[in-house]
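Q: Coordinates for the following, if possible.
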Amino acid sequence: FSSVGQDAILVLIKYVAVVLLGMGIHIICVYGGMFKLFTKEKIMPFLKKFTSVAAITFSTASSNASVPASMEILEELGVGKTTRSFTIPMGATINMDGTAIMQGVAALFIAQIYGIDLSINQMITIILTATLASIGTAGVPGVGMIMLSMVLTSVNLPLEGIGLIMGVERIIDMFRTTVNVMGDNICTLIIANSENDFDKDMFYGEKEEQLA
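A: Sure, this is the predicted structure:
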């Protein structure tokens, strides 16, 4: 920033804002919509419990580190052990929606910085490659940037562009990990409901009130 000037800071702020906006839309429309459509339940009890998991994912930026906390809150929400012990570890390994969003936006950002016009076919390639790359991304901090190189290579964008966004990577990593883990938990609740492995009284805290 000292050598390039304040303009570089403003550009990166816009990049971060677009990534966070995309994640926000994904949470509200995709996660919220799927939960309401497939369970017909209110999402607020889940969101209240998820805050403790979000604190872990936000601070560690690791999906794997959140697995024990996710298992604990899902038990409190009435999800059976059979379902949660299968879906949560799997989700921490292959479900990286937030990472896919970041990689797609980052590829377009780097193309704009270098003044490269992308065709519709190249944009579709970025979407498909980002999705596949996110599935293969390990649930540990910083790996998304390594997989981003595969996305850039698929449309012949310069790999040096990764260095442009490294300065704000940690901030985005914390948010995208939280989005990834939220998706794991939402999908687990949906599957548990479809498999009749979901105690709705526990979900709404009614059993806790009766015991109290």
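
Q: can you tell me how far the closest residue to residue 94 other than its chain neighbours sits from residue 95?
A: Spatial nearest neighbour of residue 94, excluding adjacent residues (CB to CB, 6 or more residues apart in numbering): residue 135 at 5.0 Å. Where you see a C-beta, it was placed from the backbone N, CA and C, and this is true even at glycine. Distance from residue 135 to residue 95, counting by CB to CB, to the nearest Å: 8 Å.

Q: The chain: strands as residue ranges?
A: Listed from the start of the chain, the chain has no strands (DSSP state E) to report.

Q: who's in contact with residue 20?
A: 172, 175 (CB atoms under 8 Å, 6 or more residues apart in numbering).

Q: residue ranges of the helices in this protein, please?
A: Secondary structure of the chain (DSSP state H): helices at 6-25, 32-39, 44-60, 67-76, 81-94, 97-113, 120-135, 143-154, 162-165, 169-194, 200-203, 206-211.

Q: Return the distance of the fifth one from the chain's centre.
A: Right, the one you point to is helix 81-94. 16 Å (CA atoms, centre = their mean, to the nearest Å).

Q: got the buried residues for that helix?
A: Neighbour counts over helix 81-94 (16 or more other CB atoms under 10 Å) mark 83-84, 87-89, 91-93 as buried.

Q: now the fourth one
A: Within helix 67-76, the residues that qualify as buried by neighbour count (16+ other CB under 10 Å) are 67, 69-71, 73-74.

Q: Then the second one?
A: Within helix 32-39, the residues that qualify as buried are 35, 39, counting by 16+ other CB under 10 Å.

Q: Run through who's touching it.
A: Counting by CB under 8 Å, 6+ apart, 41, 43, 46, 186-187, 189-190, 193-194, 198 sit against helix 32-39.

Q: what do you get if the cut-off is 6 Å, keeping everything else the same?
A: 43, 186, 190, 193 (CB atoms under 6 Å, 6 or more residues apart in numbering).

Q: on that earlier part again, would you turn the buried residues of helix 67-76 into JSON lines with pLDDT?
A: JSON lines is the format used below for the buried residues of helix 67-76 (pLDDT from 0 to 100):
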{"residue": "67", "pLDDT": "93"}
{"residue": "69", "pLDDT": "94"}
{"residue": "70", "pLDDT": "95"}
{"residue": "71", "pLDDT": "95"}
{"residue": "73", "pLDDT": "96"}
{"residue": "74", "pLDDT": "96"}
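
Q: how about those residues in JSON lines, adding distance to residue 29?
A: Output for the buried residues of helix 67-76, formatted as JSON lines (distance: CB to CB, whole Å):
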{"residue": "67", "distance to residue 29": "26"}
{"residue": "69", "distance to residue 29": "25"}
{"residue": "70", "distance to residue 29": "22"}
{"residue": "71", "distance to residue 29": "27"}
{"residue": "73", "distance to residue 29": "23"}
{"residue": "74", "distance to residue 29": "23"}
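
Q: Mean pLDDT lowest where, among the helices of the chain?
A: Ranked by mean pLDDT, those end with helix 206-211 at the bottom, a mean of 52.

Q: so how far is residue 37 from residue 170?
A: Distance from residue 170 to residue 37, by CB to CB: 34 Å.
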